[in-house]
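# dropping a prediction and its sequence here:
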Amino acid sequence: MVFDTHVHLNADQFKEDQEEVIQRAKDAGVTYMTVVGFDRKTIPLALQIAEKHEHIYAAVGWHPVDAIDMTEDDLQWLEELVEHPKVVALGEMGLDYHWDKSPVHVQKEVFRKQIRLAKRVNMPIIIHNREASEDIVDILREENAAEVGGVMHCFSSTPDIAQQCLDMNFYISLGGPVTFKNAKDPKEVAQMVPMDRLLIETDCPFLAPHPHRGKRNEPSYVTLVGEKIAELRGLSVEEVFTKTTDNAKRFFRL
């Protein structure tokens with residue numbers, strides 16, 4: 001049993017063959033998935049997929065790139081959605097300094113509001129970080145996000161940042177980049193994170209692992225991530241899959 005902790009099966013890239021993709025994942029041993037919705041369009045789709053499939057769950061949040069669009073009504077909506085039986089986390093939320101659609105101060109405000117919501121409803125959070133590690137760690141610390149804990153999704157920063165996140169009760173999730181030839185940091189992180197704090201994911205349709213790099217990613221490929229971690233740590237593939245699945249169930253409180 002394998003748990004892909006972060007998928008976007010609600011993306012347009014899967015519109016034509018979503019069910020076939022889910023079946024391929026099952027055939028590859030990927031039993032569990034969490035579909036992440038992050039705006040008005042993708043959240044309802046994430047819920048629909050989770051409602052339809054027993055072992056697929058949903059996360060709901062507001063993406064930092066679209067922070068400029070979030071209203072108080074949207075925040076209220078997220079608070080209502082956490083009551084849904086298949087919603088297991090709030091996110092993805094965080095900071096993204098790569099795209100400039102939403103000003104930094106707006107991103108930070110929306111990020112803080114979602115952390116506070118998570119603390120109110122006692123739900124773990126999923127963090128999106130792109131080129132914003134220091135600010136993210138600072139905000140998580142200032143808002144005492146350790147109280148609910150969370151996961152650094154598709155972690156791509158340094159071992160030092162990983163350690164700071166671990167110290168705040170966070171899990172580290174690795175995806176396709178750990179399989180990339182020149183990806184030094186993800187490989188180091190894969191070796192230093194305690195096995196009971198490690199998750200795996202695809203972030204599909206993005207960041208497909210080697211040898212599918214540059215193509216559409218899908219949940220069945222998460223096994224390649226687990227295999228690379230097993231190789232880096234000198235463990236059996238079964239041990240990595242068992243441990244990361246147990247971790248994911250604990251993190252999502254399943």
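Looks like it came in fine. As the structure is a prediction and not an experimental result, all values here were calculated from the model. Residues are numbered from 1 along each chain as shown.

# relative to residue 24, how far out is residue 241?
Going from residue 241 to residue 24 by C-beta to C-beta, to the nearest Å gives 17 Å. Just so you know, the C-beta spots here come from the backbone N, C-alpha and C atoms, and that holds for glycine as well.

# more neighbours: those two, which one.
Between residue 241 and residue 24, residue 241 has the larger neighbour count (other C-beta atoms under 10 Å), namely 22 against 15.

# now that one: how far from residue 152?
Taken as C-beta to C-beta, the span from residue 241 to residue 152 is 20 Å.

# over to residue 88?
Separation of residue 88 from residue 152 (C-beta to C-beta) stands at 17 Å.

# same deal with residue 98?
Between residue 98 and residue 152 the distance is 16 Å, computed by C-beta to C-beta.

# with neighbour numbers in mind, choose between the two.
residue 152 (30 against 10).

# not counting its neighbours along the chain, what's nearest residue 137?
The shortest distance from residue 137 to any non-neighbouring residue, by C-beta to C-beta, 6 or more residues apart in numbering, is to residue 164 (5.2 Å).

# same question but for residue 213, I mixed them up
In this structure, residue 213 finds its nearest non-sequential neighbour in residue 180, 6.8 Å apart by C-beta to C-beta, 6+ apart.

# for residue 40, what are its contacts?
residue 74 (C-beta atoms under 8 Å, 6 or more residues apart in numbering).

# one more time with 10 Å
62, 66, 69-71, 74, 77 (C-beta atoms under 10 Å, 6 or more residues apart in numbering).

# what of residue 180?
Counting by C-beta under 10 Å, 6+ apart, residue 180 has contacts 186-187, 207, 209-210, 213, 228.

# tell me which other helices or strands the helix or strand containing residue 222 touches.
If you go by DSSP states H and E, residue 222 is part of helix 222-233. On a contact count with 3 or more C-beta pairs under 10 Å, 6 or more residues apart in numbering; DSSP states H and E, helix 222-233 meets strand 2-7, strand 30-37, strand 170-174, helix 184-192, strand 198-200, helix 237-251.

# ok, and what's touching the fifth one?
Just to be clear, that refers to strand 198-200. Strand 198-200 has contacts (C-beta under 10 Å, 6+ apart) with 2-6, 30, 34, 151-153, 155, 171-175, 178, 189-190, 193, 222-226, 228-229, 233, 240-241, 243-245, 247-248, 251-252.
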